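**Q** Sequence plus predicted model, see below.
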Amino acid sequence: HYTAQDSLAQTVRTFTLVKPQVSAHYVIGKDGKVIHMLNDYMRAWHAGVSKWGSISDMNSCSIGIELDNKGNEPFAPAQMNSLLILLAKLKKDYNIPTANFIGHGDIAPGRKPDPGILFPWETLAKKGFGYYSDIIIVPAPLNFDSAIALRLIGYDTGNLPAAIGAFKRHFVQREGSGTLSQFDLDVLFNVYKKY
């Protein structure tokens, strides 16, 4: 997630209030400071209405990490370094599969765009935290079904244009329509083969 708030202090305050009913397990500041807000085994309220694969209650089975960022700015190097260290620890401690490092926008397409197009997904994938497209992209075959591919990756395709938009923010790293260009389709084919 990105916090979409003005500061780390504001986010921590929001997460300690009862009324907003929002929380996460970790918050990472721009300076790299990591605040562990909630025990990893406890349910946080970070995912909201969401779905990934067959799981429709992401709050019950995921660890939420919020990054102090408004969504329209690059993520700070110190923040990304702390995130990589935290992800390595969580992956080891809980044996998290590579495919299970996803963003809020992936599990809530059409409702949430975070962590957004500026998030360095490729860097994370190179370290084993999620998948990303290869540099050399093999063209998708003519009979390639993009809706099935998105669903097999994990996207909720109930609103196909929203799922396409979420996929493009994560793997093509641009905003756009809910349709796939030939390039987008080729990237989808490349990513789909990893799952």
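**A** That came through fine.
**Q** Residue for residue, what is the longest helix the chain has?
**A** In the chain, with assignment by DSSP state H, the single longest helix is helix 77-94.
**Q** who's in contact with that one?
**A** 26, 28-34, 40, 63, 65, 67-69, 96, 101, 120, 123-124, 127-129 (CB atoms under 8 Å, 6 or more residues apart in numbering). For every residue, glycine as well, the C-beta is placed using N, CA and C.
**Q** again with stretch 165-183
**A** Contacts for stretch 165-183 (CB under 8 Å, 6+ apart): 102-103, 105-106, 109-110, 113, 116-118, 121, 132-133, 137, 139, 146, 150, 153, 155, 160-162, 164, 184, 187-188, 191.
**Q** and it, how far apart are its ends?
**A** Start-to-end span of stretch 165-183 (CA to CA, to the nearest Å) is 14 Å.
**Q** Report the buried residues of it.
**A** Of the residues in stretch 165-183, 165-173, 178, 180 count as buried by neighbour count, 16 or more other CB atoms under 10 Å.
**Q** Confidence-wise, which of those comes last?
**A** The lowest pLDDT within these belongs to residue 178, with 91.
**Q** Run through the residues that contact the closest residue in space to residue 113 that isn't next to it in sequence.
**A** Spatial nearest neighbour of residue 113, chain neighbours left out: residue 105 (5.0 Å); criterion: CB to CB, 6 or more residues apart in numbering. Contacts for residue 105 (CB under 8 Å, 6+ apart) come out as 112-116, 166, 169-170.
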